[in-house]
Each structure stands twice: as C-alpha cells, then as structure tokens.
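S.K.: okay, structure incoming, though there's no sequence with it:
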C-alpha cells in the first residue's frame, strides 16, 4: 500500500461536471422538453454512444472529422464516439426502415463528443435534443416542427423569442440566376459568417473564392438584407416580383407562403419572422430552414435550428429519404435560462425535516407527508440543530419541519419559515402540509 | 462520387439500439424513478462519460479492468469511458467536497461501458441509476436508501418484490471467529457464487483456496442458510445467542435490529427480509447490504443492490468518507417489467388526427385539443385514408380523430374507436375530448 500515491481528482479539459443545482435545472428542462415533444406524439429512440467509425467518417465538415474521438476496441474494430445525433439517425433509419413504418417521427436526447479546442462556453461533451420527421415531404411536417419549437420554448417559460424562417430554395434560385449554381455551398458558407465578420469581409471573400462579380454580390447581399415589415404574409407578398427571376426561387417563396398561411393560425406572429439572411451553413438542407433567437440574449446565438433535407440516408443506400427536423442546443439554452433568471428552484424537495430525538417518529412523519404528494428531505442524523439548520439553509430550503420530544408526544411537528424566521409549533400533519402547499 | 460504396448500417457487437416502443417504456420508467428519488430530496449530478484513465484504473475487479475502453485522445492524454458511476462519484466528491456540504445525497443516471464478452441479455453499454448518501454514518441514511428502493419499485407498479438485507459485519465477525479474517474477501467472493455453482462446489473451492477446515465451512454455510421465519425482528431475536461468538458479529446483528425496528413502521414486512446469505461480492461494502428480487422472476437476479461503505474516496485522499447507496440495473428492470406485462402504453400520444382535406383546420383542431391538456399526433399528409389508418393501427392507437370537409364546415371532428370499430361523426371539441379522457 505504501507506493499508492493519491490521484488528483480532476476532469479532462473541455469536460464538465454538473453540481446538483445546475444538474437539477437541466433535469427540469429535460422533463419539460420531453413533455412538449410528447404533446405532438414524438416517441424517443436510443442509439449507442459508440459506433463503427466508418458510420461517422467522411461526414460533417473536415473540422468535425478532425475533432472526432476514434480508437480501436478490444476486438480491434475502429470505433468512434458520436459527434451528433443525425448520423446515428441515418444509420438507424437505414437499418430498421422495414420495421419502423413511414412517416417516422422521433426525438432523441443524448450526449455527443467533439474534441474542439477548449474555449469558454464550448465543451467537448454536450447534450443535443433532436426531433425529426422522416419520410414525408408534406408541408404538415414542416409546420409541426415549427410548432414544436414554439411549444417547447414557451413551456420552458420563455416569452420573448423569434423563430427566423427562410427557404434554402430562395438562395439556390438566386445563385442559379447569377450563374453560380455550382458555388452555392461555398457562397452559403461565406454568407453564414456575415454576423461574425461583417458585410465588407463577406464581399471580399465572395470575390476571392467565387466567380461572382461585385455587382452580383451587391444584388445578393441587398436581397438577403430585406427585412420583414408587417406580418410574414404581407412581407412575402411584397417579394412577389422576385418570383420572375427564377423558378426555384419562385418555388421557395411559394412554399413559405403556404407555410405562413397555416402558421398564422398556430403561432402568434411576434414569435416568428421571415429572415432571408438565414443560411444554415450545413450542406444537407434543401428546403425550409430556421434558427431561433432569444431576443433578450441576441449574442447567445440560435438555441434551436433545423430545416428540411432531401437525402438523409445517402451513405447507406440509394433510396432517397427526405425529412425535416430541428435540434435544441440544451447547454446553450440552459445558460440562457440561467441568465434570464428563469431557473429558480434549487432543490427537488419542498421542505426538509430535522429530527431532534427520534428517527422513527421523524421518518414516519416525513413518509406521511410524502403520501400526501409532497417531496420531503429528512436530515439523516440527530445532531446539533445549528448544523442541520445550516445544511437546510445552504440548500436553499424555505421550510424546515422539526420533530422533537414535544412534537412526538402530541403527534405533531413544528414548522419554521427560513425566510421570515417565523416558527409555528406543534402543527398537525394536515395543517402543516396545507401551509407548505399554500405557500 | 463513383467510388462511394454504400456503408452497411449496423451497430457494434454488444451495443443496442432502442426502437420507439422500448425507448418510450424506458423513458417512462426513468420519469417515474426520478420522481421517486425526488420525493426524498435527492438531487441529480452529472459527470462526463470520459475520464482520465488513471481515475478508473486499478479499480474494480481485474475483469472490469480488462473490459475498460481506454485510448489516447487528441492531446495524447490516456482517457477511458466510465464503467460504473461510483468511481466518478468518488472523484466528484473529492474534487468538490468543500462546495457540496456534507452529508451529500445525490442520484446519477447514466450509461456505463464494459467490453464484456457478448452474451444474451448483457450489453457493453448499459444504464445505471445510482443513489447515494455520502458523509454520514447515521442509521437514518441506511433506512432512507431502503425506503427509496421500496418507493421506487412500488411507483413502477411492482407489487411482489423482496429486499434481502444483511450486514457485512456479521460475515466479518464469523470469519474472525474462525481465524480466517485475512481471507474474508476471498471467502465472500466464493460464497457469492453459491446460487450459481451450488453448495458442494463452494465447499470445495473454500477448502482449496482458504485455510478453512471442512467443519468450519459447515458452520459457515449452516449459519448463512438460516432462513427468516416470522417477521424480521423475531428472526433477529432468535439469533441472539450468536452475539456471544464475536463482538463484530454482535454489532452487525444489533445494527440490523435497530434498522428493522424503524423499517417495520415504513415498509410492509412482506417487502423485506433478513437474508444472511447475501454477500455482495464487491470488496468495498462494510455494513448493511441488500439485494432486491422480483419474486415472480427469481432468475432475473437482483434489480437493485447496494449497501454501506467506509472509504469511498481512498484513491484521492486520506480523509475517510463513508456512505451508503444503491444502484438500479435499469436494463434488467425494464426486461422484468416487460416480462410482467407492466408496460402497456406504446405511444406517448392519446390519439392521432388524420386530416382528409385541409391541413390548416386539422392542425388548429389538434392544437385546441393540446391546449386542453391532451397529447395529439397529426398524420402529416393528406393521403389515402387507408394508408393513414394503417399507420395509426401499427402505432397501436385506440382513438383516431378525422377531419374532412363535413367536419370543417361544422367546426367538428369525427372519432373512431379502433378497437370496437365504432365511429361517432361530427363531435364538438369538448364532446370529443371528453370521450377520450373518459376512456
């Protein structure tokens, strides 16, 4: 035993522990999010954290590939930790498509891993909440994904957010009309950086890396900076004359019109807007796309993004499989809710019981309160009251229940309000529980 | 593109996807388990799936060490996937003990990884639900862990299970009295296999690998095969004369007496029993220990086991940190609930709405039902009714809501009971929702 040096307790750089307060907030968020998903009949699926590396390789950007955790397992198979939930979904759909039935809607909540350079607010392991509708091109599925975004964020207590909606076809049509169709992906990638690097740098980069002329770039940037005034349908009708430019662009605008006609009955207008500058850098989107901004925290970035794609399962088969879906960045959203003070409850229980003499009486009293539907912690030791009260205070309890000799002999408990300092002695189970429930 | 061969969609051997029905059952279980934990004021914590390998090395059995997934990351650090939630807890407690405050109670639900030889019902990634009470030696914490086991399994709908309780001190005392104290761990390991390999093989192995004589082995095996008759307190008092054998054994029996006195007021006697043969092979237990058997499925093995330990953080510091905790084997429990037909609901939603003509009317009607608190799926396409009905049937829906022209013109919907085949036409929102809620 002498040679056993203590090991320093530490986490890997870029990885995060969550202490109870934060983990509880996250678990409450997840409960709410799952409930919102289920309101629409989304079912969960689960896939492993580890996949054959070939399932995940050659996907996503070069950067994501470099950041992937991969290694050889006990059976000398090359395996990798998933870096998103989309590639496992594509593998899952391809593997079980005969059992699942189409259209297939599912949500999936899980951790993903990217060995990114460590920086503030970015972690190498983080939680994604994806919800997708696979195997249908119906506008209904686009509508529902947007409804779920609205419902989910509203259910979390958010009251001031905007879903920015665009259609990739509008952009594709524009690029076609400028004879730059084969550069569409590159143009999108550059345009996507406009908020970060500004209009001048975007112009310069487009000039350097694409065949677009300065005037063409101007046309493009002017178009995407058109801002919605009035409601979405009014704005779209003000764009009618652009439909002549190109059939793809026309299709894109018309899809948005059909979408907004129905959306206007389902989501209050102040929660969504047409925003022609939304690009979604990822190559696989082909139709309606969206990002969601908390208006009080514009710098947080999008908390829920997604859109329609045409060919989810292309690596696994030649069957085209289209779908629409979105992903909530849970860690970012949690940071946002914390900053907006929308996370208030620290501890799952409503009150703590401090036993002063008899554990049996204390545990029975607590259990009777639980049987009335309350959540009750019991301080597990008979100790100096100060020590137990300090513990209750540190955990943020408003209500402390005390059972001592007097309470036991009268089959009651006393109740202290830690905020006002007021204590009510020897209350019956019913009276005591009513006071806590009414507070 | 020509050289792009389709990749076979497959999971790694020993890893498991969960399709919606199973994943939904698991998520419902988790919701119930978390709620049970929170009734007692347990808060969650989260630790990463990846740790420095040194945190996890030289722990657990040699077998577990061989099964550990470890590799070198981008920064050439040796990292490993956690194989349980206990070592990360020990690291966590050592790292944050000044912030957490003692006693510290937490639950943690997460996946762990062991590259075991693939066999039926055993997976290389599986979910554990741990709940522990750290930094207190009070009997209160032992009681509460047992209460939580009872509450959690009851809340899941289980009505016929038994928590088998023992105290490691009884066994330690016996070994001391047989002058075999230094072989206690080895003797425990062998005894733990008695259900698998039988009494004769255990006897032989004890003769081969320990200094115990045949008569001593007989004493040991006779003692641990004493069975509870009557209630636990009666059984314990029938063991009174054993207290003279050894002070450690005496302490063990007396602790069980104190425990059962209080337990008898909190848990019905038919849900727990003293079982002197429970050994819990793991070396770190030092006090009261327990396993939980579903009596209708005795071969399933224990679905929730745990006990008291003395020195959780020994690898990280010289401070002794005792505690008590248990772990639910979620995958095993899920298999058990499925076998007992306690999992009935297949789909989160209560009904599916099939739109026959107007998506806008359909989506609005569905949202109005959701606003009444219902969970409603909408079939996302206007298509041949047979196709949509087949989809509804495959997903196991009892209720199908239909909106067509007639319904729209009367601001109603029709409702079909898929079990009886009966259809009621043109019901108002209120009438329709009442029928579903009453069913």
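M.R.: Right, received. Where do you want to start? Keep in mind it's a predicted model, so treat the numbers as computed, not measured.
S.K.: what packs against whichever strand or helix holds residue A:80?
M.R.: Mapping residue A:80 onto the secondary structure by DSSP states H and E places it in strand A:78-81. On a contact count with 3 or more C-beta pairs under 8 Å, 6 or more residues apart in numbering or on different chains; DSSP states H and E, strand A:78-81 meets strand A:50-52, helix A:53-56, strand A:70-72. For every residue, glycine as well, the C-beta is placed using N, CA and C.
S.K.: need the contact partners of the last one.
M.R.: In other words, strand A:70-72. Under the criterion C-beta atoms under 8 Å, 6 or more residues apart in numbering or on different chains, residues A:53, A:56, A:57, A:78, A:79, A:80, A:81, B:69, B:71, B:72 lie in contact with strand A:70-72.
S.K.: next, format those residues as CSV and append pLDDT.
M.R.: Written out in CSV, the entries for these read as follows (pLDDT from 0 to 100):
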residue, pLDDT
A:53, 95
A:56, 93
A:57, 88
A:78, 96
A:79, 97
A:80, 97
A:81, 98
B:69, 97
B:71, 97
B:72, 96
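S.K.: picking that back up, looking at the helices and strands packed on strand A:78-81, which is buried most?
M.R.: Among those, strand A:50-52 has the highest mean neighbour count (mean count of other C-beta atoms under 10 Å in any protein chain shown), at a mean of 23.
S.K.: what lies in contact with that one?
M.R.: Counting by C-beta under 8 Å, 6+ apart, residues outside strand A:50-52 touching it are A:73, A:77-82, A:87-88, A:91, B:10-12, B:15, B:69, B:81, B:113, B:125.
S.K.: per-residue pLDDT, residue A:3?
M.R.: Turning to residue A:3, the model gives it a pLDDT of 49.
S.K.: any weak-confidence spans in the stretch 251-400 of chain A?
M.R.: Counting by pLDDT under 70, the low-confidence segments of the stretch 251-400 of chain A come to A:281-283.
S.K.: residues of it that sit close to chain B?
M.R.: Neighbours of chain B within the stretch 251-400 of chain A, by C-beta under 8 Å from any C-beta of the partner chain: A:261-262, A:265-266, A:315-318, A:347-349, A:352, A:355, A:359-360, A:362-364, A:367, A:370, A:375-382, A:391, A:394-395.
S.K.: 7 Å instead?
M.R.: Near chain B, the residues belonging to the stretch 251-400 of chain A are A:261-262, A:265-266, A:315-317, A:347-349, A:352, A:359-360, A:363-364, A:367, A:370, A:375-378, A:380-381, A:391, A:394 when assessed by C-beta under 7 Å from any C-beta of the partner chain.
S.K.: which among the residues you listed end up buried?
M.R.: In those, burial by neighbour count holds for A:262, A:266, A:315-316, A:347-349, A:352, A:359-360, A:363, A:367, A:370, A:375-378, A:380-381, A:391, counting by 16 or more other C-beta atoms under 10 Å in any protein chain shown.
S.K.: now, those that are in strands?
M.R.: When DSSP state E defines the strands, the subset of these inside them is A:352, A:376, A:377, A:378.
S.K.: ok, so of these, who is nearest chain B?
M.R.: Closest to chain B out of these is residue A:377 (2.7 Å), distances taken as C-beta to the nearest C-beta.
S.K.: excluding chain neighbours, what is closest to the closest one?
M.R.: Leaving aside its chain neighbours, residue A:377 sits nearest to residue B:41 (2.7 Å; criterion: C-beta to C-beta, 6 or more residues apart in numbering or on different chains).
S.K.: residue contacts, that neighbour?
M.R.: Taking C-beta atoms under 7 Å, 6 or more residues apart in numbering or on different chains, we find residue B:41 in contact with A:347, A:348, A:349, A:352, A:375, A:376, A:377, B:105.
S.K.: quick check: the third one touching residue A:377?
M.R.: Yes: applying C-beta atoms under 7 Å as the test, residue A:349 and residue A:377 come out as touching, 4.3 Å apart.
S.K.: for the residue in the stretch 1-150 of chain A that chain B sits nearest to, give its distance to residue B:366.
M.R.: Taking C-beta to the nearest C-beta, chain B has its nearest neighbour within the stretch 1-150 of chain A at residue A:41, 2.7 Å off. Using C-beta to C-beta, to the nearest Å, one gets 10 Å for the distance from residue A:41 to residue B:366.
S.K.: show me the domain layout of chain A.
M.R.: Taking the TED database as the reference, chain A has its domains at A:20-160+A:295-340, A:351-438.
S.K.: looking at those, which is buried most?
M.R.: Stretch with highest mean neighbour count among the domains of chain A: domain A:20-160+A:295-340 (a mean of 19; mean count of other C-beta under 10 Å).
S.K.: and the end-to-end length of that domain?
M.R.: Distances were taken as C-alpha to C-alpha, to the nearest Å; on that basis the terminal residues of domain A:20-160+A:295-340 are 20 Å apart.
S.K.: ok, now stretch A:68-80?
M.R.: Using C-alpha to C-alpha, the distance between the terminal residues of stretch A:68-80 is 7 Å.
S.K.: quick check: bridge partners of the residue most central in space within chain A?
M.R.: Closest residue to the average C-alpha location of chain A: residue A:328 at 2.3 Å, with C-alpha atoms, centre = their mean. Legend: beta-bridge partners of residue A:328 under DSSP bridges are residue A:129, residue A:304.
S.K.: surely it touches residue A:305?
M.R.: No: assessed by C-beta under 7 Å, residue A:328 is found out of contact with residue A:305, at 8.8 Å.
S.K.: would you agree residue A:430 falls within a helix?
M.R.: Yes: per DSSP: H, G, I helix; E, B strand; the rest coil, residue A:430 lies within a helix segment.
S.K.: re earlier: mutual contacts of residue A:41 and residue B:366, please.
M.R.: Each of residue B:376 lies in contact with both residue A:41 and residue B:366 under the rule C-beta under 7 Å, 6+ apart.
S.K.: that older thread, the strand holding residue A:80 pairs with which strands, parallel or anti?
M.R.: In its sheet, and by DSSP bridges, strand A:78-81 pairs with strand A:50-52 (antiparallel), strand A:70-72 (antiparallel).
S.K.: turn those into a markdown table, including distance to residue B:436.
M.R.: Written out in a markdown table, the entries for the strands paired with strand A:78-81 read as follows (distance: least, C-beta to C-beta, whole Å):
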| stretch | distance to residue B:436 |
| --- | --- |
| strand A:50-52 | 40 |
| strand A:70-72 | 49 |
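S.K.: select, out of those, the one closest to residue A:410.
M.R.: Among these, strand A:50-52 comes nearest to residue A:410, with 59.3 Å by C-beta to C-beta.
S.K.: now the nearest residue to residue A:380 once chain neighbours are set aside: how far from residue B:395?
M.R.: Nearest residue to residue A:380 in three dimensions, chain neighbours excluded: residue B:140, at 3.6 Å (C-beta to C-beta, 6+ apart). Here residue B:140 is placed at a distance of 47 Å from residue B:395 (C-beta to C-beta).
S.K.: which ones are touching residue A:42?
M.R.: Residues in contact with residue A:42, defined by C-beta under 7 Å, 6+ apart, are A:105, A:106, A:107, A:131, B:348.
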